[in-house]
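Enquirer: Turn this into a structure:
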Amino acid sequence: MVDLSSTSRSDVSGRPDRPMIELRNVDMTFGRGHVLRNINLTIPRGQTLVIIGESGCGKTVLLKTIIGLTRPTRGQVLFDGKDLAQLSEAELARERTRYGFVFQLAALFDSMTIGQNVAFPLREHTKKSLPEIREIVLTRLAEVGLPEAVMRKKPAELSGGMRKRVGLARALALNPELMLYDEPTTGLDPIMSDVINELILRTRSANPVTSVVVTHDMHTARKVSDRVIMLYPLSRLKADEPQAIFDGTAQELDRSRDPRVSQFVNGEAGERLMELRQLSSSQSLRKY
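Expert: Numbers count the residues shown, from 1 in each chain. Here you go, the predicted model:
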């Protein structure tokens, strides 16, 4: 059985002992659909955790649950020792200023300029003056390799890779302690994908930040992770099987003897294709 509460494999010496994130016996259901089951997860400070798994296995739901964007059907989510379910809306809003979220499609405000997008969290959550905000915006854009000239542009005027970098700059605006990335390289070419990977690494080296990355991209998983967990769809598991079928380093991931892990890592359809064919055949038979 995989133990998701294992200690960090990265060097987090000198940091407080209290984990940044703890999930205790977390379940998540939507109607009759069971997405997460009995998840126990501890993320130490300073660790970069990558979550992999096929579509529909609950990766993004887990990411949103970690920061209270969705509330679990059962169990506890602790952020820096605080149970999110016990916090008032004002307290929860204050805690959320401590993390940055890079959405899959950047989620920029189309009606705002790039400068206004990056400045948004600073205007909402701080009392900084306009000159101070402008200076921070310029600094964050420079950190992700974007020139001052983009400040006056709208998101529609930028390429996908540039929008991703703007999303990262906005997420970094409040100097967060926790960074969350939802499919940060989806839709990008290999070179731009690696630019995003390098920015994730640079963010970690420049700031004492804990990171959680959801991705299908095995290059990203290998390059940025201290630790990788793999979730599996509950519909394909027995009732007593843990949902996390792997927890370890990227090197251990490549050596895994679990055929479900190796098939995903190597992009092999194999048994999954046979399952889909059998499902299609059974559905066809039920029509007659």
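Enquirer: gap between the residue lying closest to F109 once chain neighbours are set aside and V214?
Expert: Counting by Cβ to Cβ, 6 or more residues apart in numbering, F109 lies nearest to N117, which is 5.6 Å off, once chain neighbours are set aside. In this view, the C-beta of every residue, glycine as well, is placed from N, C-alpha and C. Distance, N117 to V214, by Cβ to Cβ, to the nearest Å: 22 Å.
Enquirer: What of R165?
Expert: 18 Å.
Enquirer: picking that back up, contacting residues around whichever strand or helix holds the residue nearest to F109?
Expert: Element membership of N117, judged by DSSP states H and E, is helix 114-125. Contact partners of helix 114-125, identified using Cβ atoms under 8 Å, 6 or more residues apart in numbering, comprise 97, 108-109, 112, 128, 133-134, 136-137, 140-141, 146, 150-155, 158, 166, 169-170, 173-174.
Enquirer: Swap in 6 Å and give it another go.
Expert: 97, 108-109, 128, 133, 137, 140, 150-151, 153, 166, 169-170, 173-174 (Cβ atoms under 6 Å, 6 or more residues apart in numbering).
Enquirer: what distance separates the start and the end of stretch 124-136?
Expert: Start and end residues of stretch 124-136 are separated by 14 Å (Cα to Cα, to the nearest Å).
Enquirer: What are the buried residues along it?
Expert: I133, R134, I136 (16 or more other Cβ atoms under 10 Å).
Enquirer: SS state for the second one?
Expert: Read that as R134. The three-state assignment at R134 reads helix, by DSSP: H, G, I helix; E, B strand; the rest coil.
Enquirer: ok, now L180?
Expert: strand.
Enquirer: Pull up the gap between it and I66, please.
Expert: From L180 to I66 the distance is 7 Å (Cβ to Cβ).
Enquirer: More neighbours: which of the two?
Expert: I66 (26 against 22; other Cβ atoms under 10 Å).
Enquirer: In space, what's closest to the more buried one - neighbours in sequence excluded?
Expert: I21 (5.7 Å).
Enquirer: Could you list every helix and strand that the strand or helix carrying G100 packs against?
Expert: Using DSSP H and E, G100 sits within strand 99-102. Using 3 or more Cβ pairs under 6 Å, 6 or more residues apart in numbering; DSSP states H and E, the elements in contact with strand 99-102 are helix 160-171, strand 178-182.
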